[in-house]
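*Asks:* Need coordinates for the below:
(one chain, ligands or ions: 3)
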Amino acid sequence: MNAHVKPLDAAQPRHDWTLDEVEALFELPFTELVFRAAEVHRAWFDATELQLSQLLSVKTGGCPENCGYCSQSQHFKTATRASKLMEADTVLAAAREAKAAGAQRSCMGAAWRDLKDRDLPKVAAMISGVKALGLETCATLGMLTPDQAVSLKAAGLDYYNHNLDTGPDYYDKVVTTRTYQDRLDTLAAVRDAGMSTCCGGIVGMGETRRDRAGLLHQLATLPAHPESLPINDLMPIAGTPLGDSTPVDGLEFVRMIAVARLVCPKAMVRIAAGREHMSKELQALCFLAGANSIFVGARLLTTDNPGRSADDALLADLKMRPMGQKAAQPA
Ligand code: SAM
Ligand code: DTB
Ligand code: SF4
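*Replies:* Ligands and ions are numbered 1, 2, ... in the order given. Okay, here's the model as predicted:
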């Protein structure tokens, strides 16, 4: 926490949000909403710092789930080719490179419906290897049993990413091969194993503001708020049911970030997918509204991301610095 700032009452985490209250935040005048979110952001964080996370697809494509946004589902004909689980050495080499470039956290993603016990030893080796490099570890491997969650924690996993994706009322318009409750059950297994949760969703799938509020309401009323809260702006994938979705207005994306910051004040709020099509001004507004984490590197899982030199320039223009690095001393 920023030592010089006394947390505002509004910055205290709450778990008793109502859906109407969350929706009412979206309806605030834009400048008022962003101002409130910026205040709450400053109560818990140094708002000049940005967490940089590396994302690596360790198993791409061929997924049996039918998430309507995803290039990796085998239900849709997309340009993504399936590949086998990566070797731990390859994962470690990429993590080493990301660390050298300033990343603080490494997230390993697999296009699985659920983790199979046969893959656990290899995944555990990746996690312990990345952890030994001094990076925070995160993985997203589909649904987990409580025992698998315990094994991943023992291997050194700090965070588990499992998104609710959208509000409960819109969920079955997007995916039907698993339920909202399945997602909540995995999140509970992750928490019970003592790991931190990384959980958020996507905007731009045809959902209403109330659905967006519904997602944030779910997150804000979980037994523990997610420690990381990724907001993805849909990357439209040709061949998927959502490939022709109408893009969400940039200011609406900023509202989503601001409300996420207000209802989960201590979370790392990440602009996850979508920065590739955002201007630097829009990203700056997101940081003002409380976003404090991004994925770095030229690829997300299967789609493009701005890449190192664009992000170095962005941080330099904004005079922001990677989290975990010391501020330059005044001359
Ligand atoms: N298979 C695992 C799962 O679904 O939990 C892990 C990987 S999955 C690709 C991780 C998350 O990425 C999804 O829950 C979704 O929120 C996000 N995502 C996937 N495709 C996306 C897209 N085209 N645009 C934006 N976000 C996307
Ligand atoms: C998250 O919320 N977003 C990341 C990460 N968690 C795993 C994934 C974004 C994927 C974007 C589409 C793609 O590259 O395939
Ligand atoms: Fe599979 Fe995850 Fe893509 Fe859904 S989002 S199809 S579970 S890889």
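*Asks:* Going by C-alpha atoms from here, please, whenever you check contacts or count neighbours.
*Replies:* Will do.
*Asks:* Phe26: what's it in contact with?
*Replies:* Phe26 makes contacts with 33, 209, 213, 255-256, 259, as judged by C-alpha atoms under 8 Å, 6 or more residues apart in numbering.
*Asks:* Spell out the secondary structure type for the most centrally placed residue in the chain.
*Replies:* Geometric centre of the chain, nearest residue: Pro230, 2.4 Å, by C-alpha atoms, centre = their mean. Three-state assignment for Pro230 (DSSP: H, G, I helix; E, B strand; the rest coil): strand.
*Asks:* Spit out the contact partners of it.
*Replies:* Here Pro230 is in contact with 198-201, 269-272 (criterion: C-alpha under 8 Å, 6+ apart).
*Asks:* which residues are contacting the top strand by length along the chain?
*Replies:* Looking across the chain with DSSP state E, the single longest strand is strand 49-59. Under the contact criterion C-alpha under 8 Å, 6+ apart, strand 49-59 has outside partners 82-86, 91, 95, 98, 102-111, 292-297, 299-302, 320-324.
*Asks:* how many other residues sit next to whatever residue of the stretch 51-200 of the chain ends up closest to ligand 3?
*Replies:* Closest contact between the stretch 51-200 of the chain and ligand 3, by C-alpha to the nearest ligand atom, is at Ala111 (3.5 Å). For Ala111, the neighbour count with other C-alpha atoms under 10 Å is 26.
*Asks:* Please apply the same query to Thr60.
*Replies:* That count, for Thr60 with other C-alpha under 10 Å as the rule, works out to 23.
*Asks:* who touches it in this structure?
*Replies:* By C-alpha under 8 Å, 6+ apart, Thr60 lies in contact with 72, 81-85, 110-111, 301-302.
*Asks:* Show me which residues of the protein are close to ligand 2?
*Replies:* Neighbours of ligand 2 within the chain, by C-alpha under 6 Å from any ligand atom: 71, 109, 230, 232, 235, 272-273, 300-303.
*Asks:* at 5 Å what do you get?
*Replies:* 230, 273, 300-303 (C-alpha under 5 Å from any ligand atom).
*Asks:* mind listing the helices in the stretch 1-150 of the chain by residue range?
*Replies:* If DSSP state H, counting those that start in this stretch is used as the criterion, the helices of the stretch 1-150 of the chain fall at 19-26, 30-44, 88-100, 120-132, 146-155.
*Asks:* can the ones you listed go into a markdown table with extra columns for mean pLDDT?
*Replies:* What follows is the helices of the stretch 1-150 of the chain, written out as a markdown table (pLDDT from 0 to 100):
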| stretch | mean pLDDT |
| --- | --- |
| helix 19-26 | 98 |
| helix 30-44 | 97 |
| helix 88-100 | 94 |
| helix 120-132 | 97 |
| helix 146-155 | 98 |
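*Asks:* Tabulate those helices (a markdown table), appending distance to ligand 3.
*Replies:* Below are the helices of the stretch 1-150 of the chain laid out as a markdown table (distance: least, C-alpha to the nearest ligand atom, whole Å):
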| stretch | distance to ligand 3 |
| --- | --- |
| helix 19-26 | 26 |
| helix 30-44 | 29 |
| helix 88-100 | 18 |
| helix 120-132 | 16 |
| helix 146-155 | 17 |
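*Asks:* List just the one of these that sits closest to Ser309.
*Replies:* Smallest distance to Ser309 across the helices of the stretch 1-150 of the chain (C-alpha to C-alpha): 13.4 Å, for helix 88-100.
*Asks:* contact partners of the closest one?
*Replies:* Helix 88-100 is touched from outside by 54, 56, 58, 106, 122-123, 125-126, 129-130, 133, 135, 297, with contacts defined as C-alpha under 8 Å, 6+ apart.
*Asks:* rewinding a little: now do the longest strand of the chain and helix 120-132, the angle between them.
*Replies:* 150 degrees (axes from the mean of the first three to the mean of the last three C-alpha atoms, to 10 degrees).
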